[in-house]
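>>> whatever this is, show me its structure:
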Amino acid sequence: MKQRLIILSQNYVTALRAHLQPGAPARLLAAQGLGRQAIALGLETLELARIHEHALVTLHLSPDKKKLVSRAESFFSEANAPIEETHRATQTSEVHLSRLKETLGQRTVELAATNRQIKRVVVRRKVMEEAAEKTGQHYKKCLEESLELQKRLRLLTHRVIASQEDERKSISHELHDEIAQTLLGINVRLLSLKQEARVNHRGLKNDIASTARLVAKSVQSVKRIAKEFGTL
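Here you go, the predicted model:
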């Protein structure tokens, strides 16, 4: 590294001497080349200024030689231009990097917020699925209980109807037997009265005949009613 600095300093002196020669063309490209070499060695403006001062001392360039001093300053400015350009590029890169970091930070925050939202959605969906599963099981259980109740209700209804039918048949039979027996007794009595009326009263005979017809009609009505109940 030291050897390379010595070589750069010597080249700087040589290029500056040529630049300061009366009537010589400006060695600005050479100065820029020296600046790029300085950048390659990692030098900054201060280190290049020291090399420039050393060259001025070596060339015995005194401050009173204003014209030469001005030409030397132009040479230094051109040599330092690549370093300044590097600084500007570095600053631009730093600004760009800072913006990138800021953008990345924002994206990171947004990503974290999105991840939290996704987690909440996943948790909410899981809760809803579990609730739906529980609800489905509840509905299934309710449906099974409803079907069982319907089955029991149909069985109970069948039993009630069967019991009512049995009771209706029993009542019908009892009603039929009781009325039939009563009417039969009345009819026997009327027959007896009819026989007696043959001797005593003609008008009584007609009344008894009419009553007998009424009783017979009543018996037919009772049979009809009993038949409608399904007992005969």
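
>>> so what's the residue count around Asn80?
A count of nearby residues for Asn80, using other CB atoms under 10 Å, gives 21. All C-beta atoms are positioned from the backbone trio N, CA, C, and that covers glycine.

>>> equivalent analysis for Ile225, please.
As a burial measure, Ile225 scores 15 neighbours (other CB under 10 Å).

>>> that one and Arg168, how far apart?
From Ile225 across to Arg168, the span is 12 Å (CB to CB, to the nearest Å).

>>> go on, Arg4?
128 Å.

>>> pop the domain breakdown of the protein in here.
Annotated domains of the chain cover 2-103, 166-228 [automatic domain parsing].

>>> got those domains as CSV, with distance to Leu156 columns?
Formatted as CSV, the domains of the chain follow (distance: least, CB to CB, whole Å):
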stretch, distance to Leu156
domain 2-103, 77
domain 166-228, 15
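
>>> so who does Arg36 touch?
By CB atoms under 8 Å, 6 or more residues apart in numbering, the residues touching Arg36 are Pro82.

>>> return the distance of the helix ranked longest in the chain from the chain's centre.
Ordering each helix of the chain by length in residues (DSSP state H) puts helix 66-197 first. Between the centre of helix 66-197 and the centre of its host chain there is 12 Å, according to CA atoms, centre = their mean, to the nearest Å.

>>> need the next SSE after it, C-terminal direction.
Using DSSP states H and E, the next helix or strand after helix 66-197 towards the C-terminus is helix 202-228.

>>> which secondary structure elements does that next one contact?
helix 66-197 (3 or more CB pairs under 8 Å, 6 or more residues apart in numbering; DSSP states H and E).

>>> what angle separates the helix it packs on from helix 202-228?
Helix 66-197 and helix 202-228 are oriented at 150 degrees to each other (axes from the mean of the first three to the mean of the last three CA atoms, to 10 degrees).
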